[in-house]
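In: Need a 3D model of the sequence below.
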Amino acid sequence: MLYIGVTNDLIRRVEEHKNEIVDGFSKKYKTKNLVYYEWFTQIKDAIGREKQLKNWHRQWKINLVEESNPDWRDIYQDLLGNN
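Out: Below you'll find the predicted structure:
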């Protein structure tokens, strides 16, 4: 299962997913690994990209992840600087 979302605090949001703190899609489907992310300075740009990706075919999303993370490794620790 792939989850796409927008947040202003990626570390906090990933921790919420990993610890199943917030009810919803990610808790229901156990989406706990961060495999890809993009940074935006403007929230409108982030929301626009989120909407774009949510309309993509599944294979396009898979290809996007595999371009930078072919092993689908959880990159959360990298984000924390613990790689």
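In: Can you pull the phi and psi angles for Lys30?
Out: With angles defined as degrees, to the nearest 10, Lys30 sits at phi 60, psi 40.
In: Next, count neighbours for it.
Out: Lys30 sits with 12 neighbouring residues when counted by other C-beta atoms under 10 Å. For every residue, glycine as well, the C-beta is placed using N, CA and C.
In: Equivalent analysis for Gly5, please.
Out: So Gly5, with other C-beta under 10 Å, has 15 neighbours.
In: For it, give me the pLDDT.
Out: pLDDT recorded at Gly5 is 95.
In: Check Val22 too.
Out: 87.
In: mind checking how far it is from Leu34?
Out: Relative to Leu34, Val22 is positioned 15 Å away (C-beta to C-beta, to the nearest Å).
In: With neighbour numbers in mind, choose between these two.
Out: Leu34 (21 against 11).
In: Sort out which residues of the host helix or strand of Arg12 are buried, please.
Out: If you go by DSSP states H and E, Arg12 is part of helix 10-18. Residues Arg13, Val14, Glu16, His17, Lys18 are the ones in helix 10-18 that count as buried (16 or more other C-beta atoms under 10 Å).
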